[in-house]
Every structure is written in C-alpha cells, then in structure tokens.
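In: next come a sequence and a model predicted from it.
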Amino acid sequence: MMEKRRVVVTGIGAVTPLGNDAGTTWNNIIEGVSGIGPVTRLNADDFPAKVAAEVKEFNVENFMDRKDARKMDRFTHYAVAASLMAVKDSGLEITDENAPRVGVWIGSGIGGMETFEQQHETFMNRGYRRVSPFFVPMMIPDMATGQVSITLGARGFNSCTVTACATGTNSIGDAFKVIQRGDADVMVTGGAEAPITKMSFAGFCANTALSTNQDPQKASRPFDKERDGFVMGEGAGIVVLEDLDHALARGAKIYAEIVGYGATGDAYHITAPAPEGEGGARAMKMALDDAGMAPEEVGYINAHGTSTEYNDKYETMAIKTVFGEHAYKLAVSSTKSMTGHLLGAAGGIEAIFTILALKEGILPPTINLETPDPDCDLDYVPNAARKQQVNAAISNSLGFGGHNATIAFRKYDA
C-alpha cells in the first residue's frame, strides 16, 4: 500500500463579519468581539429575526475589475477575495508548469441566492429577455470554485461540495484527500456564502432556526441555557493545503498539519440532528482514526456550536461519547458566538481559527455564556480567550440533511 502523503496548511485568507482579512478576524476573535449587528441587507420589520453578522466595508474592486464583479454573485466575490489572500499568504507562485497540480475545492451551501431573487423579480416584471445572460453562472454554487480557478490559473483537481452547514469542512477534508492520494500538490479550499437575502432569511425564520433576540451583542449564545437560535452570517474562509515535500522544497511557512478527516450521515431527519449526536460522534471518531490519533491527544475542539437547542446539547453528548472522561479535560469553543453562522462558509473560517489556535497557543472563547445549561457541562472557554498550548485540535461541522464532518489538525513537527 502506498504511503499517505503528509499535508500541511501554508496559507489562510478570510472575509468575515469580524474583518476583511484573516489577521483582523483572528484578532477580534481572541478579543471576544462580536461581529453581529442589526440586519441592514433587508428590511428587519418584515421578519421576526432582527440581527445578522454582515461583512462590513468590503470593496470587491480591491480584488477584481468592476466589470468582472458585476458577473458574479456576492458569495463568489468573497471566495475570490479570500482565495487571493490565502495564496498570497502562502507565497505560492502558480505558473504554467505547476498549474495542473494546483486544484481548487470551494463549497457553498446555497450559492447565488441573491442573484436568483433579483433575476426572478426582473423576469416577473419584464419577461425573460431582461434576465441576465450571466444569471445561471452567477447562481450555481460551483461558480466560486470556477471563478477562483480562472483568477488563479489553477488547472488541477476542481470541485465543489454542497452539504449545507458542513460544506466548508467537507470541502477541506475532501481537498486534503486529493493531495494525500497524490492527485494534486496544492489545493485552495474552503467555503463561501452570502445568504443574507429575503428568501434565505424568510426560510430560516419560517423553520424557527434564527434567534429572535433583538440584542445583537447577546443573540448568539452557544451552550447557554437562554439560547434561542442561530444568527445568520456571511463571508468566506479559504486555506491553502500543500503536500509537505512540495512546501518544504519551496521554503513555505507552515501553519499546521492536517492529519484526519471524518464524514458521516445521520440518515435520520432533514433538519434535526440524530439523537445524542450519534452521527457527529462517528465523524469525530473517523477523523481521529484517520489521523492515527488517540482521543487524549486532542486539546481543543472548535465546535459546530450553533446556539440552537438540539445542536449544542447533542454535540456535547457526541463529544462525551468519543472522548469519555477526557471530554472534561479538553477545551471546546464556539466561535459562532462572535461570527454568527456562515452556513457553507462556517467550516472554512472555523478551520482557520483551529489552525491559529494551534499555532499561536491561544484558544478562542465562547462569548455570551452567562447561564450554563445543565446539559452542556464541558469547558467551553467562557467569555475570554485562554493562552494554552495544545498539540492537536479538531473542527466539527454538522449540516441539514444529516451531514457531519470533522477535520483534525496537529502542530507541525518536522
């Protein structure tokens, strides 16, 4: 059997409610800053939910011509921007020679919903002739990957995952496997989402998933007894994964090593997680087994932690199932308390937070944890970041449709 290739993270890029680059976002995360505010992209009077985690002061023209930007949905703007920043951070030069070995795998949960809504309105008012010829390529979720590969000139393995809120983590895990088995040397991967639109907001309000807490600073409160739903967010999180030998040969800086991936299905319900987080537990165990890692080695978990009743309770149960007594010794936090829930992009930015926690020796907090829920009794790093060295960490994402995904990272050790 061929030896698995080692895969490392050499670049990060992000556009989030906490900053238009990874560094600003991370600084705000460890300061416990909330990126949530009153929703401005739509009329809050039309909805029971009043707050969202919006990207602020983002100028797409810093990354592309206005003419090109007009042919892309907002989620693709975020993906291209975050990818350009990640590749620049990695120091990788994509040339005609290496381009066929550089791939892109970026997912989106709902793709160009904003474009769909605008073009539908145009069609209803003015007929098919006025619908944009770019409507379909702006709307389809794979266009983030498509446009990023065109922008970068990356001609290798090219794909897009759509697994609801597990999308970003599945994308990174799948891209990791592409390199590990030798089908690429570099993968630009993560998730992008721009879901703060009338229909998306209406849909999540209708299924009572969104918090109706009108205080933006307090609405997202994972693992807290007073939680009442998630807060919708937007943005993109992209990492550059690279074969270790390839990275060393070009003298790349290395953030961390990605070592394991687990993905499972609940086969239970379209929106509710399986009882006791059974599917999530199997995904975590699968990632640890893939990494050849004992549960006791894990020091930090970036939880899915949506601030919904069932997710937080069942994810806690799943962690206990996998880690046993060690569950009470490791740190768990939900950065969604600050970023809101970026749906398909959540796993992308949360992978970055997990990587930086390992590299910097700082564990992000779960803010707004004021009234502990007896069902959620682990160490959630409440309210303030913690300086603590950990050698291994995992990131969880769980999505509608019963998708569960976990990726495992280690501190890089030559």
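Out: Yes, it's here.
In: can I get the CA coordinates of stretch 358-378 in CSV?
Out: Extracted in CSV, the C-alpha atoms of stretch 358-378 (Å, rounded to 0.1, in the frame of the first residue of the first chain):
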residue,chain,number,x,y,z
LEU,A,358,-2.6,25.5,17.5
LYS,A,359,0.0,27.9,16.0
GLU,A,360,-0.5,30.8,18.4
GLY,A,361,-1.3,28.8,21.6
ILE,A,362,-4.5,30.8,22.2
LEU,A,363,-7.9,29.2,22.4
PRO,A,364,-10.8,31.3,21.2
PRO,A,365,-13.7,32.0,23.7
THR,A,366,-17.4,31.2,23.5
ILE,A,367,-18.8,34.7,24.4
ASN,A,368,-22.3,35.3,25.9
LEU,A,369,-22.0,32.1,28.1
GLU,A,370,-23.7,33.5,31.1
THR,A,371,-26.3,30.9,32.2
PRO,A,372,-24.9,27.4,32.0
ASP,A,373,-27.2,24.8,30.5
PRO,A,374,-27.0,21.6,32.7
ASP,A,375,-27.0,19.6,29.5
CYS,A,376,-23.9,21.5,28.3
ASP,A,377,-21.3,20.9,31.0
LEU,A,378,-17.9,20.9,29.3
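In: mean confidence score for that stretch?
Out: Averaged across stretch 358-378, pLDDT comes to 98.
In: which parts of it are buried?
Out: Of all the residues in stretch 358-378, those buried under the rule 16 or more other Cβ atoms under 10 Å are 358-359, 362-369, 373, 376, 378. C-beta coordinates here come from the backbone N, C-alpha and C atoms, glycine included.
In: kindly report the same for stretch 200-209.
Out: Ser200, Phe201, Phe204, Cys205, Ala209.
In: OK, contacts around the fourth one?
Out: So that's Cys205. Counting by Cβ atoms under 8 Å, 6 or more residues apart in numbering, Cys205 makes contact with Phe47, Pro48, Ala49.
In: how about the residues you listed in a markdown table, adding neighbour count, pLDDT and distance to Ala164?
Out: A markdown table is the format used below for these (neighbours: other Cβ atoms under 10 Å; pLDDT from 0 to 100; distance: Cβ to Cβ, whole Å):
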| residue | neighbour count | pLDDT | distance to Ala164 |
| --- | --- | --- | --- |
| Phe47 | 18 | 98 | 21 |
| Pro48 | 14 | 97 | 22 |
| Ala49 | 23 | 98 | 19 |
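In: now the residues you listed as CSV including distance to Tyr314 and secondary structure?
Out: Supplementary listing: these in CSV, determined by distance: Cβ to Cβ, whole Å; DSSP: H, G, I helix; E, B strand; the rest coil:
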residue, distance to Tyr314, secondary structure
Phe47, 27, coil
Pro48, 25, coil
Ala49, 23, coil
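In: run the chain-centre distance for stretch 84-98.
Out: In terms of Cα atoms, centre = their mean, to the nearest Å, the gap separating the centre of stretch 84-98 from the centre of its chain is 22 Å.
In: pull out the buried positions in it.
Out: Leu84, Met85, Ala86, Val87, Asp89, Ser90, Leu92, Ile94, Asn98.
In: list the residues that contact the second one.
Out: The contact partners of Met85, by Cβ under 8 Å, 6+ apart, come to Ile12, Gly13, Ala14, Asp21, Ala22, Ile238.
In: what's the most distant pair in these?
Out: Asp21 and Ile238 (11.3 Å; Cβ to Cβ).
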